[in-house]
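>>> Show me how the following folds:
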Amino acid sequence: MKSKELAVGGLLTALAIIIPLAFGGVLGVVVGPYSATLASHVPMLLAMLVSPFAAVMVGLGSAFGFLIRLGPVVGARAAMHALAGYAGAKLIQRGVPYSRVLLLTMPIHAVAEALVIIPFVGYSAYVYVTAFGTAAHHLVDSTIALGLVAALRPVLGPVLDNFARAGSKL
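As a prediction, the model looks like this:
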């Protein structure tokens, strides 16, 4: 692991913790039993560009922030950001374009979040609401992440080893 990966991963982890704590009430969307915080996936989606380690670190940070703000069910769902982020970072390492990685990780993310809640709520309609809600939320946050990558590529490209390569394949 490079010190740049740790530094950028640490900054993205801080964002992943701060977003639910500071903006959960402002950017939060509730549809029945399902809740989503707009932009909460963005740090994980960006961490995929850094490294698998950074993506997992950011995912676990997100879980911590949501555990504090919304409790164990949402915290467990957010822990699945580590799984989706790891998968995405490995795909990027294999040269898959970033926009395609965002689409490929959407079902992994949605199914993982749906499955992890079953021990808490049982197998109910909430599982399906979570799966479809997470998929939609992932797509919205992917659009935000793509916009950030495009806007910040000229500034951050030299800092992040994978950033420029992935950004050129948008």
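
>>> Enumerate every residue touching Pro107.
Listed by CB atoms under 8 Å, 6 or more residues apart in numbering, the contact set of Pro107 reads Ala135. No exception for glycine: its C-beta is placed from N, CA and C like everyone else's.

>>> any idea how far Ala135 is from it?
7 Å (CB to CB, to the nearest Å).

>>> Ok, Ser35 next?
Counting by CB to CB, the gap between Ser35 and Ala135 amounts to 15 Å.

>>> Looking at the two, which one has more neighbours?
Neighbours per residue, other CB atoms under 10 Å: of Ser35 and Ala135, the larger number sits with Ser35, 19 against 16.

>>> What pairs with whichever strand or helix holds the more buried one, parallel or antiparallel?
Counting by DSSP states H and E, the element that carries Ser35 is strand 34-37. Sheet pairing of strand 34-37 (DSSP bridges) gives strand 28-31 (antiparallel).

>>> could you dump the strand it pairs with to PDB, C-alpha only?
C-alpha atoms of strand 28-31 as PDB (Å, rounded to 0.1, in the frame of the first residue of the first chain):
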ATOM      1  CA  GLY A  28     -32.100  11.800   3.500                       C
ATOM      2  CA  VAL A  29     -34.900  10.200   1.600                       C
ATOM      3  CA  VAL A  30     -37.400   7.800   3.300                       C
ATOM      4  CA  VAL A  31     -39.700   5.500   1.300                       C
END
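
>>> for it, the distance to its chain's centre please.
17 Å (CA atoms, centre = their mean, to the nearest Å).

>>> if we can go back for a sec, packing partners of the helix or strand just after the strand holding Ser35?
Going down the chain from strand 34-37, the next helix or strand is helix 42-47, by DSSP H and E. Packing partners of helix 42-47 (3 or more CB pairs under 8 Å, 6 or more residues apart in numbering; DSSP states H and E): helix 3-23, helix 52-70, helix 72-93, helix 125-156.
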